[in-house]
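1. 3D, please:
(one chain, ligands or ions: 1)
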Amino acid sequence: SLQNVPLAPPDAILNLSALYKADTDPHKINLGVGAYRDNDGKPWILPVVKKAEELILHDPNVDHEYLPTAGLQSFTDASAKLIFGADSPAIKEKRVGTFQTISGTGACRIAADFLARHRKAPIYISNPSWANHQAIFTDAGLEIKYYQYWDPQTRGLAFASLIETFKSAPEGSIILLHPCAHNPTGVDPTFEQWKIIADVLKSKNHFPFFDCAYQGFASGDLDRDAQAVRYFVEQGFEMLVTQSFAKNMGLYGERCGALNVVAKTEESAKKAVSQWCKISRAAYSTAPSYGARIASTVLNNPELYQQWTEELKTMSYRIINMRDELFKHLQELGTPGTWNHVVDQIGMFSYTGLNLNQVNTLKEKFHVYLTDNGRISMAGLNTGNVRKFAEAVDWVVRN
Ligand code: LMR
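-> The predicted model follows:
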């Protein structure tokens, strides 16, 4: 009977928002879920998104029909160009297949189901990684293995260890990579390190799978954040690449994203996309249209696109500024330990190195919400709360 169904635990990341909401302390700080906030701590609707919505509202050709199973083509075409480059030879050779997904999570899940059926190999994910990666790949039935990514000593990339793992992994393994703004650590390989990773993956015939949730949001430069992906394409890999427009367009609730395959031939790319259509049809039929229309309008209209690149800088520079501020306050307070990693890391998150006890104290004593692994969403900091947060960190480190 239904009585025997056990209660599932709440999601480690999403539940923080609920706890924060329920907290009545006026000085509470939400550094949990990775969602951009402006300097007043408010969600930011990108002005360019508002403009796109206006255009859509008055477009006589817009209706509420189902999208084709592979998605809105003006969106998927533009999305592929965004990640691979407008002049990408792989796109010109039609070796790229792009499929609209329910944001990045949906892209990961379609990819996972596809890989479980058509590539019997373990998937290597970084330790640590976004917590949902493990849930998605487990539910899809993939065998999960880990490569060490974070070196607690240097609070940086465990590069030697990661390379060792890729070298010793069974030939043809699937390797999940975060191309920019690694979640949760905020630590990315340098371009030189990406080249070495590519060499090792090639020598072992591994299959790269890039989960790209932060293009343009990490550095403020769309091309720079796509560098690793484009380099791997140049090296002739067959691979998968997900995209999300949650962070970089602020389209969190619209669930707008894409899954791309780069194949050796046009025929293989088509076959992969046909499988994704089959998987999605049996799961949820077709993707939602509204977010894709917004993204398509921004991506295909040169004026709006230009405006978007500016708004990306507004978001990413504010975050970089908050890193500097946090670092400065910790220095001023003389907080024990080294804190350079706060400014060296990139993107939405900083992996502070705070332990579970310290995290719990931050929550209970200071009403600061962050994930158990010590990750903070930098976007939750602003000029009004950064000092308070630094003082709270200082207290938990000393006590
Ligand atoms: C996060 O890691 O906080 C974001 O990617 C949001 C999510 O879905 O978990």
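2. up against the ligand, what does the protein have?
-> Within reach of the ligand by Cβ under 6 Å from any ligand atom, the chain has these residues: 13, 33-34, 130, 132, 183. The way it works is simple: take the backbone N, C-alpha and C, and place the C-beta from them, glycine included.
3. what ranges do the helices span in the stretch 1-150 of the chain?
-> Listed in chain order, the helices found in the stretch 1-150 of the chain under DSSP state H, counting those that start in this stretch are 14-22, 47-57, 73-84, 89-92, 103-118, 131-139.
4. could I get those helices as CSV with mean neighbour count and distance to residue 330?
-> Below are the helices of the stretch 1-150 of the chain laid out as CSV (neighbours: other Cβ atoms under 10 Å; distance: least, Cβ to Cβ, whole Å):
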stretch, mean neighbour count, distance to residue 330
helix 14-22, 14, 23
helix 47-57, 16, 34
helix 73-84, 21, 36
helix 89-92, 15, 45
helix 103-118, 22, 32
helix 131-139, 17, 26
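5. now, among the residues of the chain next to the ligand, which is nearest to residue 392?
-> Residue 392 lies nearest to residue 33 out of the residues of the chain next to the ligand, by Cβ to Cβ, at 19.1 Å.
6. how about the helices of the stretch 201-350 of the chain, start to end?
-> Assigned by DSSP H, counting those that start in this stretch, the helices in the stretch 201-350 of the chain fall at 222-225, 227-234, 266-283, 290-300, 302-333, 340-344.
7. helices or strands up against the fourth one?
-> Just to be clear, that refers to helix 290-300. Counting contacts by 3 or more Cβ pairs under 8 Å, 6 or more residues apart in numbering; DSSP states H and E, the secondary-structure elements packed against helix 290-300 are helix 47-57, helix 73-84, strand 256-262, helix 302-333.
8. mind running it again at 6 Å?
-> The helices and strands touching helix 290-300, judged by 3 or more Cβ pairs under 6 Å, 6 or more residues apart in numbering; DSSP states H and E, are helix 47-57, helix 73-84, strand 256-262.
9. how far away from the center of its chain is it?
-> Distance of helix 290-300 from its chain centroid, counting by Cα atoms, centre = their mean, to the nearest Å, is 19 Å.
10. in it, what's buried?
-> Taking 16 or more other Cβ atoms under 10 Å as the neighbour-count basis, helix 290-300 is seen to contain the buried residues 290-299.
11. and the shortest one, by the same measure?
-> Across helix 222-225, burial judged by 16+ other Cβ under 10 Å covers 222, 225.
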